[in-house]
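Need coordinates for the below:
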Amino acid sequence: EFENDPFLWLNMVHEDDRLRVITHADAILSGGDVAPIEHRIWRKDGSLRWIQNTLVPHHDQFGRLISYDGLIRDVTDRKQAEDALHASEAMFRQICELAPFPIAIVDASDSVDYINPRFTEMTGYSLEDLSTTRLWMEKAHIGPARQREASRLWSAFLASGDERFEPQRPFRVVCKDGSIREFLFRLGCMADGRRLVTLQDVTEYRQAMEEVRRLNQFQEIMIDNANVWVSAIDRDRRYIIWNKAAERITGYAREEVLGHSQIWELLYPDPIYRTKIEALFESVFDGESIAGTVLRIRTRLGATKFISLYSRHLLDERGQASAIINVSIDITGQQEAEDRLRESEEQYRRLVETMNEGLAVMNSEGLLTYVNNRLCGMLLQPRENLLGRTLAEILTPRDPAMAFRLDSLRHEDSRQHAQRPATVAT
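Predicted structure coming up:
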């Protein structure tokens, strides 16, 4: 077939490679030395193959070219492998170019081969700025101590032979503009022996966590040092907050209370009363609020105390009640004072209701605001007929002297007191 068609070989060459093959042949015909070339040819079955074409010239005794041979070697498998490698490298580079985090590639001699756009965007450094890891250590790390630490970790990674290496804490990095950012570094070995370095910017996260820490510390200080009993319980009635005022009021230390619900039996030893308290808190989980409800508790020393409770639920991210926050005010002294006042008032009421003299209390206008039973009996009038009237209206005309005396007493009293009792002797 080649004998019958002198141009068969040239026609077998892929059309995109044909001019290059002709130029190559012309070069050897001109007496030049040519290197092997690689190009594509079409097989008889229509498939495409890659070959390496090496031209071997033959000269006569005078050094003139009389012919040349073409040595053909099939390199299709190698070219396909190279193409696959190039495609993979192109895809890897595209991934690196589009990656949302900084990436650097370092070769075996510690030269930086590649820095992706995100690396430059976040740190300000280009490949020209950081051509070696030594320059990175000098420029990006603060002070000799940090530089030595970063260099030590890099050396440890190289010596370990591990495919992956992740320092446990972030490093503070000086960016090209002088700003400080914090990064987590992840180091890995690539198949060709180079090292892949990725950075995760945790600056804002660390700042947010520090702000949360300060806020939590502030809240803990405020809650713990509040002069009122602050506590919180979860859905299982376990206490999760118990401040110092709670310890002082109840006598139970935080360590004895947090994480379980046994304290309920100690604070509310009466089972019937405790059931009512549990139902009260369950209503708060259901959405109700408590404002000023008075509860009775038993302290560690066995004393009875009264607290004024303010309580409301806390919602989780799903909008469901997950805990109850409580603020309790110790009102034991106030409650005891009110009890003593009620007892004193009751004793006074029993005294005036059982005395033999009639007794009335009138205001500055002379109107009766209270009369005891004896006075009602004396005047033969029920209490409701006497209140709101003056004694002068009630007493009969047969005793004008008494009416005058009472009226004088009323005028004198209005100059000194708003209200005082008047006693009518039997």
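
Can you point out the buried residues in stretch 128-144?
129, 130, 133, 136, 137, 139, 140, 141 (16 or more other C-beta atoms under 10 Å). All C-beta spots, glycine's among them, are computed from the backbone N, C-alpha and C.

just stretch 345-355 next, same as before
Under the neighbour-count criterion of 16+ other C-beta under 10 Å, stretch 345-355 has residue 352 buried.

And for stretch 183-195?
By neighbour count with 16+ other C-beta under 10 Å, stretch 183-195 contains the buried residues 183, 184, 185, 187, 189, 194, 195.

can you tell me which residues contact the last one?
Pointing back at residue 195 there. If you count contacts by C-beta atoms under 8 Å, 6 or more residues apart in numbering, residue 195 has them with 105, 106, 107, 157, 158, 187, 188, 189.

returning to what we had before: in JSON lines: the buried residues of stretch 128-144, plus pLDDT.
Listed next are the buried residues of stretch 128-144 as JSON lines, based on pLDDT from 0 to 100:
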{"residue": "129", "pLDDT": "92"}
{"residue": "130", "pLDDT": "89"}
{"residue": "133", "pLDDT": "88"}
{"residue": "136", "pLDDT": "89"}
{"residue": "137", "pLDDT": "87"}
{"residue": "139", "pLDDT": "88"}
{"residue": "140", "pLDDT": "87"}
{"residue": "141", "pLDDT": "83"}
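
Out of those residues, list just those in helices.
In helices, defined here by DSSP state H, the members of the buried residues of stretch 128-144 are 133, 136, 137, 139, 140.

Let me know the closest of the buried residues of stretch 128-144 to residue 233.
When the buried residues of stretch 128-144 are compared for distance to residue 233 (C-beta to C-beta), residue 141 wins out at 48.7 Å.

Distance-wise, check that closest one relative to residue 326.
50 Å (C-beta to C-beta, to the nearest Å).

now do residue 227
In terms of C-beta to C-beta, residue 227 sits 15 Å off from residue 326.

Compare these two (neighbour count), which wins?
residue 326 (22 against 11; other C-beta atoms under 10 Å).

dump the residue contacts of the more buried one.
Counting by C-beta under 8 Å, 6+ apart, residue 326 makes contact with 229, 230, 231, 232, 233, 309, 310, 311.

For the last one, what are phi and psi?
Backbone torsions of residue 311, given as degrees, to the nearest 10, read phi -150, psi 140.

which stretches of this structure have low pLDDT?
Residue ranges of the chain with pLDDT under 70: 215, 218-219, 396-426.

buried ones in stretch 39-47?
Neighbour counts over stretch 39-47 (16+ other C-beta under 10 Å) mark 39, 40, 41 as buried.

so the first one sits in a helix?
No - assignment of residue 39 by DSSP: H, G, I helix; E, B strand; the rest coil gives strand, placing it outside any helix.

Would you mind measuring from the residue lying closest to it once chain neighbours are set aside to residue 44?
Nearest non-adjacent residue to residue 39, counting by C-beta to C-beta, 6 or more residues apart in numbering: residue 17, 3.8 Å away. Residue 17 sits 18 Å away from residue 44 when distances are taken as C-beta to C-beta.

Same question for residue 365.
For residue 365, the distance to residue 44 - C-beta to C-beta - is 133 Å.

just residue 204 next, same as before
Residue 204 is 66 Å from residue 44, where distance means C-beta to C-beta.

ok, now residue 316?
According to C-beta to C-beta, residue 316 and residue 44 sit 75 Å apart.

hey, where'd the helices end up in the stretch 101-250 of the chain?
Residue ranges of the helices in the stretch 101-250 of the chain, as given by DSSP state H, counting those that start in this stretch, are 117-123, 133-140, 143-160, 203-224, 244-250.

Deepest-packed of those helices, please.
Stretch with highest mean neighbour count among the helices of the stretch 101-250 of the chain: helix 244-250 (a mean of 19; mean count of other C-beta atoms under 10 Å).

how about the helices in the stretch 301-426 of the chain?
Using DSSP H, counting those that start in this stretch, helices in the stretch 301-426 of the chain cover 332-354, 373-379, 383-386, 391-394, 400-416.

Tell me which residues touch the nearest residue to residue 250 once chain neighbours are set aside, please.
In this structure, residue 250 finds its nearest non-sequential neighbour in residue 299, 5.5 Å apart by C-beta to C-beta, 6+ apart. Applying C-beta under 8 Å, 6+ apart to residue 299 gives the contacts 249, 250, 251, 305.

Let me know the closest of the residues you listed to residue 77.
So of these, ranked by how close each gets to residue 77 (C-beta to C-beta), first place is residue 250, at 83.4 Å.

Please report the distance of that closest one from residue 351.
Taking C-beta to C-beta, one finds residue 250 at 40 Å from residue 351.

same question, residue 62
From residue 62 across to residue 351, the span is 157 Å (C-beta to C-beta).

same question, residue 327
According to C-beta to C-beta, residue 327 stands 41 Å off from residue 351.

swap in residue 186?
Distance of residue 186 to residue 351, given as C-beta to C-beta: 88 Å.

Kindly report the same for residue 220.
55 Å.

ditto for residue 264
Distance from residue 264 to residue 351, by C-beta to C-beta: 44 Å.

same thing with residue 238?
Taking C-beta to C-beta, one finds residue 238 at 52 Å from residue 351.

which other helices and strands contact the one helix or strand residue 77 maps to?
For residue 77, the element it lies in under DSSP states H and E is helix 76-98. Here helix 76-98 touches strand 48-59, going by 3 or more C-beta pairs under 8 Å, 6 or more residues apart in numbering; DSSP states H and E.

What residues of the strand it packs on count as buried?
49, 50, 51, 53, 55.

now swap in stretch 324-337 and tell me
Of all the residues in stretch 324-337, those buried under the rule 16+ other C-beta under 10 Å are 324, 325, 326, 327, 328, 329, 330, 331, 332, 335.
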